[in-house]
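Participant: Sharing a sequence plus its predicted fold:
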Amino acid sequence: MYKVLIVEDDPMVAMINEQYIKRNKSFELVGKCKDGASALAFLENNHVDLIVLDVYMPLMDGFETLRQIRSKQIAVDVIMVTAANDRGSFEEALHLGIVDYLVKPFTFDRFHMALEKYIAQNNAFKDLDTLSQTSIDHIIENTRSKSEALFPKGIQGKTVQLILTTLKNADGVWLTGDEIAKKVGLTGVTVRRYMNYLAESGRVIGEMNYETGGRPCMRYRTE
């Protein structure tokens, strides 16, 4: 079982992350810290396999925390969660060796995907002391395949997250497929495929709108 530390200053977000982690039986939550300084202190005395790390925190932000972890050569992996969706932040996180990068607000499905990616990477390295180019290629391809396998054929996780974020930002307002397509920059056909999947899996609510003054159409919102 993988031991997880949550580093998050927002109590509500920390609670949601905790609930998400507890839904995956491969992980055990061993601690929660409100800032980077307390997280570093926790790591000095406790074994942790994976950190779910926020960026914007008091005393020490996530990037500085991660730099300190790397400089101290603490053997721990990191999933970064943040409201920072700019290119510079993402590139810095990649340079610091993150497992995944989740932009708030994210769904359980996307969080679960990050955990499964971490498991796939760790399983790939088991019993391997040295790596050939063939084994390296296999590890990279296997990790990618594991992530893609979480969704049906033709459904991409990033697109699912984009559509769900768009609906959440609508604050409960009903949106038609064409309105969603315009907001996310996809074709109406593609959006209909995704909305059918999301409605069938219970991630969105869909209903037929008969008050259009013309041909009825489906509309959607999140709960």
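Facilitator: Great, that's in hand.
Participant: top helix in the chain by residue count?
Facilitator: Longest helix in the chain, counting residues (DSSP state H): helix 108-125.
Participant: Count the residues that sit near the nearest residue to residue 119 once chain neighbours are set aside.
Facilitator: Leaving out its chain neighbours, the residue that sits closest to residue 119 by Cβ to Cβ, 6 or more residues apart in numbering is residue 26, at 6.0 Å. Every residue, glycine included, has its C-beta placed from N, CA and C. Residue 26 has 13 neighbouring residues, counting by other Cβ atoms under 10 Å.
Participant: swap in the one 4 residues further on?
Facilitator: Counted with other Cβ under 10 Å, residues neighbouring residue 30 total 17.
Participant: which stretches of this protein form strands?
Facilitator: All strands of the chain, identified by DSSP state E, fall at 2-7, 27-33, 50-54, 77-82, 100-103, 175-176, 205-209, 217-221.
Participant: Apart from its neighbours in sequence, what residue is nearest residue 65?
Facilitator: Nearest one to residue 65, counting by Cβ to Cβ, 6+ apart, is residue 36 at 3.1 Å.
Participant: Let me see the contact set for that neighbour.
Facilitator: The contact partners of residue 36, by Cβ atoms under 8 Å, 6 or more residues apart in numbering, come to 7, 57, 59, 60, 61, 62, 64, 65, 68.
Participant: burial measure for the first one, as a count.
Facilitator: One way to gauge burial is a neighbour count; for residue 7, by other Cβ under 10 Å, it gives 30.
Participant: tell me the contacts of the residue nearest to it when sequence neighbours are not counted?
Facilitator: Spatially, and ignoring its direct neighbours in sequence, residue 7 is nearest to residue 39 (4.4 Å; Cβ to Cβ, 6+ apart). For residue 39, the contacting residues are 5, 7, 33, 51, 53, 65, by Cβ under 8 Å, 6+ apart.
Participant: what residue ranges in the protein are flagged as low confidence?
Facilitator: By pLDDT under 70, the low-scoring segments of the chain are 124-152.
Participant: Most neighbours out of the contacts of residue 36, which is it?
Facilitator: Of the contacts of residue 36, with other Cβ under 10 Å as the count, residue 7 tops at 30 neighbours.
Participant: what sits opposite that residue in the beta ladder?
Facilitator: Residue 7 forms beta bridges with residue 33, residue 53, as assigned by DSSP bridges.
Participant: Wait, it touches residue 55, no?
Facilitator: No - here residue 7 does not reach residue 55: they are 10.0 Å apart, not a contact under Cβ atoms under 8 Å.
Participant: which neighbours do those two share?
Facilitator: Here residue 7 and residue 55 have residue 62 as joint contacts, going by Cβ under 8 Å, 6+ apart.
Participant: What's the separation between residue 108 and residue 16?
Facilitator: Distance of residue 108 to residue 16, computed by Cβ to Cβ, to the nearest Å: 9 Å.
Participant: next one: residue 107
Facilitator: Taken as Cβ to Cβ, the span from residue 107 to residue 16 is 11 Å.
Participant: Output the contacts of residue 39 in CSV; the columns should cover distance to residue 208.
Facilitator: Listed next are the contacts of residue 39 as CSV, based on distance: Cβ to Cβ, whole Å:
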residue, distance to residue 208
5, 46
7, 45
33, 48
51, 45
53, 43
65, 49
